[in-house]
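> the amino acid sequence is not available; the structure is as follows:
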């Protein structure tokens, strides 16, 4: 269990023991607030995120280096944005206990929530101590990194009189390990859901590796790894039935593409983590699993960012307009 005492208290005690006048103790409000680290340039791999976390831990405890809690908080912040649950927990702990930085229980609650959502039980315990569900938008250290592309603006629908352009999705190769029977069925059914077979099969490959009996620790089942509540939502009566499972997964993908106006990256993130998480974090959530999931499927589909969608399926997420407006304001400020 980490000590709740601040390093400055130890400094004052040592000075008094030597008969010296201790330096004035800082109040909680006078402790520094670390600023956001600058955005990364280029892709960030998991090994880099782990290095940030380990460097932060060394700086926090003075392990082989001079102790610097502010620098540690900045590195934890960097790692937290890329989904490192341990960094999220550590930064939350520093914020809760004013470990060399200003206390901020509101931001700490968000940090603990993100780590708890990734399965860290001690983070859930800390979140419960702070009162449960955090309020307001997530802090900057949990927002999508600058390297994440902004939500794309959907292209206008083709003119009814004009020829429909050839979709790049049709030219994408299908997974080599996909069983022919599944490929044939997806090709047959995908047009009913206005989906490219390449996208459906890419999701299926990542979800179950084409195993109709696959079941996750969270009880997601079948080829498209549907949760029971998702199956109910899209009228799937038997999750183990391959045909129903595929149709249920397609129905969910179609809904997500409409909800995110054809943004493939956001739809994939929501398929893995849920649309509520994507909306809350204003993009791909800071979960290591979800970020890797999106990255792998996007590579499989050649980085295609837009997919045709049917706006009649559901209203678009209000989050899209918030993020786009913020991006426009940033771009206007740079001019």
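Everything's here; your move. In this text the structure is predicted, and so the values were computed from the model without any measurement. Numbers count the residues shown, from 1 in each chain.

> now do the helices in this structure.
Counting by DSSP state H, one finds helices in the chain at the ranges 7-17, 46-61, 69-81, 85-97, 105-117, 121-129, 180-189, 197-208, 228-233, 242-259, 264-273, 275-281, 288-300, 318-334.

> for residue 139, which of those helices is the nearest?
For these, proximity to residue 139 was assessed by C-beta to C-beta; helix 105-117 is nearest, at 4.4 Å. For glycine as for every other residue, the C-beta is placed from the backbone atoms N, C-alpha and C.

> now do that closest one: which elements does it pack against?
For helix 105-117, the elements it packs on are helix 85-97, helix 121-129, judged by 3 or more C-beta pairs under 8 Å, 6 or more residues apart in numbering; DSSP states H and E.

> pick out the shakiest of the helices of the chain, pLDDT-wise.
Ranked by mean pLDDT, the helices of the chain bottom out at helix 7-17, with a mean of 38.

> now the most centrally placed residue in the chain: closest residue in space that isn't a chain neighbour?
Centroid check for the chain by C-alpha atoms, centre = their mean gives residue 285 as the closest residue, at 1.7 Å. Distance criterion C-beta to C-beta, 6 or more residues apart in numbering; nearest residue to residue 285, sequence neighbours excluded, is residue 277 at 4.4 Å.

> what's near enough to touch that neighbour?
Each residue near residue 277 by C-beta atoms under 8 Å, 6 or more residues apart in numbering is listed here: 117, 269-270, 285, 287, 290.

> out of those residues, who's nearest residue 173?
residue 269 (23.4 Å).

> span of stretch 98-108 from start to end?
Taking C-alpha to C-alpha, to the nearest Å, the first and last residues of stretch 98-108 lie 11 Å apart.

> oh sorry, the question was meant for stretch 291-307
Distance across stretch 291-307, first residue to last, is 20 Å (C-alpha to C-alpha).

> can you redo the helices and strands packed on helix 105-117 as TSV with distance to residue 208 and mean neighbour count?
Supplementary listing: these in TSV, determined by distance: least, C-beta to C-beta, whole Å; neighbours: other C-beta atoms under 10 Å:
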stretch	distance to residue 208	mean neighbour count
helix 85-97	24	25
helix 121-129	27	16
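
> ok, which of these comes nearest residue 259?
Residue 259 lies closest to helix 85-97 among these, at 26.4 Å (C-beta to C-beta).

> which helices and strands does that closest one pack with?
helix 46-61, helix 69-81, helix 105-117, helix 121-129.

> quick one: it to chain centroid distance?
In this view, helix 85-97 has its centroid 17 Å away from the chain centroid, taken as C-alpha atoms, centre = their mean, to the nearest Å.

> would you confirm that residue 92 contacts residue 112?
Yes: between residue 92 and residue 112 there is a contact under C-beta atoms under 8 Å: 4.6 Å.

> overlap of the contact sets of those two?
Here residue 92 and residue 112 share the contacting residues 123, 126, scored by C-beta under 8 Å, 6+ apart.

> coming back round to it: distance to residue 138 added to the helices of the chain, as TSV?
Shown next, in TSV, are these (distance: least, C-beta to C-beta, whole Å):
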stretch	distance to residue 138
helix 7-17	28
helix 46-61	18
helix 69-81	10
helix 85-97	11
helix 105-117	5
helix 121-129	13
helix 180-189	36
helix 197-208	26
helix 228-233	24
helix 242-259	20
helix 264-273	14
helix 275-281	6
helix 288-300	14
helix 318-334	12
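
> nearest to residue 34, out of the ones you listed?
Residue 34 lies closest to helix 69-81 among these, at 4.2 Å (C-beta to C-beta).

> got the contact list for that closest one?
7, 32, 34-37, 40, 49-50, 52-53, 55-57, 59-60, 86-88, 90-91, 94, 99-101, 111, 114, 140-145, 286.

> relative to helix 105-117, how tilted is it?
Orientation check (axes from the mean of the first three to the mean of the last three C-alpha atoms, to 10 degrees): helix 69-81 against helix 105-117 gives 40 degrees.
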